[in-house]
Structure formats: structure tokens, C-alpha cells
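Trainee: Sequence and predicted structure, then a few things I'm wondering about:
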Amino acid sequence: MPSDITHATAARPPADPPPEFEQPNRSVLQKVQHVLHNHPAIVPVLIFALSLLIFAALTDGRNLSGLAIKITLEQVSIVGILAAAQTLVILTAGIDLSIGAVMVLSYVAMGHLAVTYGVPSPLAVLGGFATGGILGMISGLLVTRVKLPPFIVTLGMWQIVLATVYLYTGSQSIRSQTLDAEAPLLKVFGERVVIGGYPVTILGAPVIWAVVLMVAVFAVLAYVMTQTAWGRHVYAVGDDKEAAELAGVRADATLLSVYVVAGLIAALASWAAIGRVGSISPSSFFEANLDSIAAVVIGGTSLFGGRGTILGSLFGALTVGVFATGLKLAGADPQWVLFASGCLIILAVALDQWIRRISS
């Protein structure tokens with residue numbers, strides 16, 4: 001019997017070696033696609049660098065002058081803060097078309113509380129933040145409790161809020177001189193940054209506090225989105241809400257908090273906008289909604305949610321600002337700024353779709 005076993009064992013064919021999976025031979029374009037898929041922050045940086053090179057060539061380097069950089073940074077400071085708020089919403093696979101209108105009503109509330117009703121400036125600022133937070137909460141409740149699409153909710157809120165602004169103010173502005181006399185705190189972010197008695201400059205152009213505020217907002221949100229449970233929950237809800245709920249994430253509570261935070265950031269942008277413009281006009285920043293969306297999309301955040309970075313939106317906002325300033329310096333008609341922004345949005349979405357199609 002043992003000899004039979006030995007014979008059977010000797011006659012058994014050797015086991016096949018474990019299969020080896022061949023690595024796919026990728027073309028150069030596929031390798032680029034793979035890199036961009038794994039490192040989405042590269043896209044907005046490249047677009048920003050390319051926009052700088054294009055307009056440096058078109059304007060013989062004038063768009064890199066101190067004055068042009070000053071104008072660009074001051075314009076970007078407001079759009080950038082709004083883009084940070086918009087990024088949070090878009091990461092959840094939503095969109096906020098009312099963010100600019102919320103900002104306008106928030107600074108109208110600040111101004112009239114301080115000037116018309118004589119409320120102390122610090123309390124007037126808090127009133128503006130309360131306005132932004134409440135409006136964000138209303139949008140969030142309509143999305144999470146009533147289950148309305150974010151696009152419809154925020155489109156309706158945009159019209160309601162703007163109508164409220166015009167009905168309340170009668171399209172009348174609060175002048176800079178009035179703010180200087182009665183509520184100078186509201187203009188603090190328009191002041192130049194001075195450290196140790198020396199003004200902070202970029203290529204000889206002074207920097208205002210609104211720019212510093214924008215950088216601080218992006219720095220804080222970048223930390224929150226990458227280092228806290230709340231940030232991870234936002235990404236999870238945007239990627240797959242049902243799967244996030246199965247994993248224990250309170251999806252509706254997270255969504256509601258996102259809209260409230262976005263409203264508060266819009267109110268912060270409104271405070272900076274008062275300093276940036278120097279007055280309170282209900283007709284200002286009517287294009288802020290589209291600019292913030294353009295900055296987020298150009299910054300690499302997917303409109304389908306769950307993918308993107310806060311810092312990418314910063315570069316997206318800078319790209320929008322560079323295009324606007326560069327076209328003006330090149331002597332182009334202002335409508336070409338809208339044309340360029342529209343083209344950038346379409347190209348950014350197409351690029352995002354191409355990157356998402358990569359096979360793992």
C-alpha cells in the first residue's frame with residue numbers, strides 16, 4: 001500500500017505556478033490620465049500656470065505688474081471666499097446658486113443694522129452672520145427634509161433673496177462716507193496690511209486684509225476637510241450617500257451643516273466685500289454666483305460630488321481673476337471675460353469626465 005501511494009504521488013503532475021497579472025501597457029495619454037486621477041490637485045495648478053503664461057504673452061508681461069496683481073488679488077478675495085463655500089456644497093453633489101445673493105443680503109443687513117438702526121458695529125456684524133447662517137439653514141432643510149433638488153432650492157432662494165434685497169433697500173446704497181462716520185469696523189478688510197509699521201506688498205502693490213482673510217479661510221477649510229471626521233463625512237456623502245449612511249454617517253445632518261457653514265462663509269465674504277468696495281450697494285456682485293461655480297469647477301472639484309480639494313478652488317479663483325484682469329489689460333471687450341469663463345467651465349467639466357473614465 002505505501003508503494004502505491006508513493007507511485008501515485010510521483011505520478012501527479014507538478015502544480016501550475018500562480019498566475020501573474022500583466023500590467024497593462026498604457027499609452028502616454030493614459031499615463032497622464034492616471035496621474036491626474038490620482039493627483040487631482042495638479043489640474044488647477046496647471047490651468048493657473050497656463051493662464052499666467054498666456055496673458056503674460058498677450059500683454060507683454062503687464063499682467064504681472066504690481067498694479068495688475070493688486071487688482072487681481074482684490075477681485076479674487078471675494079470670489080475666492082465664496083468659492084470655498086461653494087466647494088463644500090458641490091463636494092456633496094449639490095450646488096448653491098444663491099451664494100452670491102446670500103452674501104449681498106448679509107452685507108445689507110450689516111450696513112442697515114449699523115447705519116439705519118444704530119446697532120453697534122460688532123452686533124451688526126453678528127447680525128450679518130446670523131442672516132447668512134439662517135438662509136443656509138433654510139436651503140439645507142429644504143434639501144434634507146423636504147427632499148428637493150439642491151439646484152431648484154438654491155435657484156428659488158437666489159430669486160427670493162435678491163427680491164428681498166431690492167424691496168427692502170429700494171436699490172439705494174450706503175455710501176462710503178457714511179460708513180466711515182458711523183460704522184468703520186465694516187470696512188476693516190479693505191485696509192492695507194501693515195506689520196511692524198511696514199506695509200505688506202507684492203511687487204510694490206499693497207495687500208489688503210481681505211486677501212489675508214481669503215488665504216486664512218482656505219487654510220482652515222483645507223485642514224478641516226483633510227484632518228477631521230466632518231470633512232471625511234462630507235466627502236463620503238458626496239461620493240455615495242447611501243453607502244455613507246450604511247457606514248454610520250448621519251448624511252442629512254452632514255448636508256444640513258454644509259449649507260449652514262456655506263451661509264456663514266458667505267456672510268464672512270460679505271464683510272470682506274464691504275471693505276473691498278468701500279460701500280454697500282444692493283446691485284454689486286450680481287455675477288458672484290457664476291464666478292464661484294467657475295472657480296470650483298476649474299479648481300478640479302467634480303460636479304458629481306465626492307472628488308476635489310479646497311486648495312484647488314483657490315487656484316480656480318486665481319485663474320478666473322487672471323483671465324478677467326488679463327483680458328482687460330489686453331483691451332478686450334468686457335463680454336469676452338464671460339465668454340472665457342464659460343469656455344473654462346465647459347473644458348473643466350469635460351476634463352473631469354475624461355479623468356473619471358479611467359479604468360482601475
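Mentor: Yep, it's here. Numbering: from 1, shown residues only.

Trainee: Please, where are all the strands along the stretch 151-300 of the chain?
Mentor: Here the stretch 151-300 of the chain has its strands, by DSSP state E, counting those that start in this stretch, at 194-195, 198-199, 201-202, 205-206.

Trainee: Not counting its own residues, what contacts stretch 169-177?
Mentor: 108, 111-112, 115, 187, 278-283 (Cβ atoms under 8 Å, 6 or more residues apart in numbering). Every residue, glycine included, has its C-beta placed from N, CA and C.

Trainee: swap the cut-off to 10 Å and go again
Mentor: 104-105, 107-108, 110-112, 114-116, 165-166, 181-183, 186-187, 190, 274, 277-284 (Cβ atoms under 10 Å, 6 or more residues apart in numbering).

Trainee: who's in contact with the residue nearest the centre of the chain?
Mentor: Among the residues of the chain, Ala83 comes closest to the average C-alpha position under Cα atoms, centre = their mean, at 2.5 Å. Neighbour list for Ala83: 76, 90, 99, 214, 217-218, 265, 269, 288, 291-299, 301, 310, 312-314, 316-318, 320 [criterion: Cβ under 10 Å, 6+ apart].

Trainee: Any idea how many residues pack against the residue nearest to it when sequence neighbours are not counted?
Mentor: Spatial nearest neighbour of Ala83, excluding adjacent residues (Cβ to Cβ, 6 or more residues apart in numbering): Ala295 at 3.8 Å. The number of residues packed near Ala295 is 33, by other Cβ atoms under 10 Å.

Trainee: pretty sure Ala295 is touching Ile47, no?
Mentor: No. Look at Ala295 against Ile47 with Cβ atoms under 10 Å: they stay out of range, at 11.1 Å.

Trainee: Overlap in contacts, those two.
Mentor: In contact with both Ala295 and Ile47: 312, 315-316, 318-319, 344, 348, using Cβ under 10 Å, 6+ apart.

Trainee: Could you pick out which of those residues are located in helices?
Mentor: 312, 315-316, 318-319, 344, 348 (DSSP state H).

Trainee: Roughly how far does Val146 sit from Leu256?
Mentor: 12 Å (Cβ to Cβ, to the nearest Å).

Trainee: the more surrounded of these two?
Mentor: Neighbours per residue, other Cβ under 10 Å: of Val146 and Leu256, the larger number sits with Leu256, 19 against 8.

Trainee: picking that back up, separate out the buried members of the contacts of stretch 169-177.
Mentor: Among those, those classed as buried by 16 or more other Cβ atoms under 10 Å are 104-105, 107-108, 110-112, 114-115, 165, 183, 186-187, 190, 274, 277-282, 284.

Trainee: if we can go back for a sec, distance of the residue nearest to Ala83 from Ser281?
Mentor: 22 Å.

Trainee: Out of the ones in helices among the shared contacts of Ala295 and Ile47, give me the one that has the most neighbours.
Mentor: Counting by other Cβ under 10 Å, top hit in these: Gly316 with 34 neighbours.

Trainee: Run through the residues that contact it.
Mentor: Applying Cβ under 10 Å, 6+ apart, the residues near Gly316 are 43-44, 47-48, 76, 79-80, 83, 86-87, 291-301, 308, 344, 348.

Trainee: same check, this time on His233
Mentor: Contacts for His233 (Cβ under 10 Å, 6+ apart) come out as 92, 244, 247-251, 253-255, 257-258.

Trainee: Please apply the same query to Thr164.
Mentor: 101, 104-105, 108, 135, 282.

Trainee: All set, thanks.
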